[in-house]
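# Got a predicted model here, sequence first, then my questions.
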Amino acid sequence: MFKRDHLKKPDWIKFKIPAGGNYREVYDRMKKHGLATVCQEARCPNIAECWERKSATIMIMGRTCTRACRFCAVQTGDPKGRIEPGEPAHVAGVIRELGLRYVVITSVDRDDLADQGSSHYAATVSEIKKMNPGIRVEVLIPDFSGRAEFLRKIVEAGPDVIGHNLETVRRLTPHIRDQRCGYDRSRNILTAIKYLNPEMKTKSGFMVGLGESDEEITQTLADLKGCRVDIITIGQYLQPTMKHLPVQKYYRPEEFHEIRAAAERLGIRHVISGPLVRSSYRAAEII
C-alpha cells in the first residue's frame, strides 16, 4: 500500500546545523551522565534549535524498545527486564545541574517488565519534582497495554502535562505502528487520563505524509477533540533510514496552516502544526 519511490525533500525541509554554546553544554552533560535523549535516538530534526534553548526530552528506561513501529528510529529488541533503579534520582540531579525549569520525560516501551515501567516512570516524575522545586514536568508515555492501574501511577505522580501520541490516522495504524499498539487503545488512554484527573492537561500528536487523506486527518482531529485533548502537534513524517517507510507526500507549509485552522474550528485550544513539528517542540511555550 506504500509507494516505494523516494521523494526528494522540498526546500522548506531545512535542518539547523548543531552549533552554539548551549547546544554543546547540553550535549556534554547528557554524554557525561550517560543519559539518553529522544532528540538523538529518534533523530529529531529540531535538536539544534531545542538544545540551544537548553530544552531536551530525556528518554528513561534504556535505549531499547520492545516494540517495532515502522516509522521510528529507536532501537528495538529485548531489554531482558534490565532497569536502573537509581535512574529517577540520577535524572532529577542532572536536571538540577542544568538548571531546567521545564523538562519532558519520555521512554521506550517496556513490555518485558511486570508493570511495563509505570512505577519507574512515576518515581522519576516524583524525584524531579522533589529535587527541582517549581519545575514543570511533561511526560510522553507509552500505552502501558491500556492497563488503568499502570496509568493511574503516572497521573498520581503529578506531572503538569501527560502526552500520548496517536501517531497516525486509524486506517494506517496497523501498517505503521507495532501490532501491540492500537488507535482506539491510544484514544482510551487519553480519555482515561481526564477521567482520573479532569484538571490534567493532555497532549497528543500525529504525523502526516504517510498516505492519509484530508478526510482522515479531519476525523483524527475530531477523535482527539472527543478525548478532550488540550494540546495537539502535527508534523511531517520524515524517513529516518532507508529501512523505514518512505514518505508518501511532503505537505506544504500552507497545508499545515490549513490543518491547524481545521483543529481550531473544532475548538482545540492549542495546536502546533508545521513541517518540522514534533511532540515536544517548544513544549514549555504552550502551558
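Happy to help now that I have it. Worth saying up front: this structure is predicted, and the values here are computed from it rather than measured.

# And Thr191, how far from Asp223?
As defined by Cβ to Cβ, to the nearest Å, Thr191 lies at a distance of 10 Å from Asp223. From N, CA and C alone the C-beta is placed, and that goes for glycine too.

# tally of neighbours for Tyr183?
Applying other Cβ atoms under 10 Å, we find 19 residues neighbouring Tyr183.

# Is it in contact with Leu172, as I believe?
No - assessed by Cβ atoms under 8 Å, Tyr183 is found out of contact with Leu172, at 9.1 Å.

# hang on, the earlier thing: quick one, which of Thr191 and Asp223 is more surrounded?
Asp223 (19 against 15).

# Got the phi and psi for that one?
Main-chain torsions, Asp223, degrees, to the nearest 10: phi -60, psi -40.

# wait, what's in contact with it?
Listed by Cβ atoms under 8 Å, 6 or more residues apart in numbering, the contact partners of Asp223 are Leu166, Arg170, Arg187.

# Okay, helices next: where are they in this protein?
Ranges of helices in the chain, per DSSP state H, are 21-32, 38-41, 47-52, 87-98, 118-131, 148-157, 173-176, 183-196, 214-226, 253-265.

# Same list (these) but as TSV, adding mean pLDDT.
Converted to TSV, the helices of the chain look like this (pLDDT from 0 to 100):
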stretch	mean pLDDT
helix 21-32	66
helix 38-41	53
helix 47-52	59
helix 87-98	91
helix 118-131	97
helix 148-157	97
helix 173-176	95
helix 183-196	97
helix 214-226	98
helix 253-265	96
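
# As TSV, the ones you listed with distance to Pro79 would be great.
What follows is the helices of the chain, written out as TSV (distance: least, Cβ to Cβ, whole Å):
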stretch	distance to Pro79
helix 21-32	20
helix 38-41	14
helix 47-52	24
helix 87-98	13
helix 118-131	12
helix 148-157	17
helix 173-176	23
helix 183-196	22
helix 214-226	31
helix 253-265	36
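
# Pro240 is nearest to which of those?
Closest to Pro240 of the helices of the chain is helix 38-41 (Cβ to Cβ; 10.2 Å).

# Count the neighbours of the closest residue to Arg70 other than its chain neighbours for me.
In space, Arg70 comes closest to Leu245 once its chain neighbours are excluded; the distance is 5.0 Å by Cβ to Cβ, 6 or more residues apart in numbering. For Leu245, the number of neighbouring residues by other Cβ under 10 Å comes to 20.
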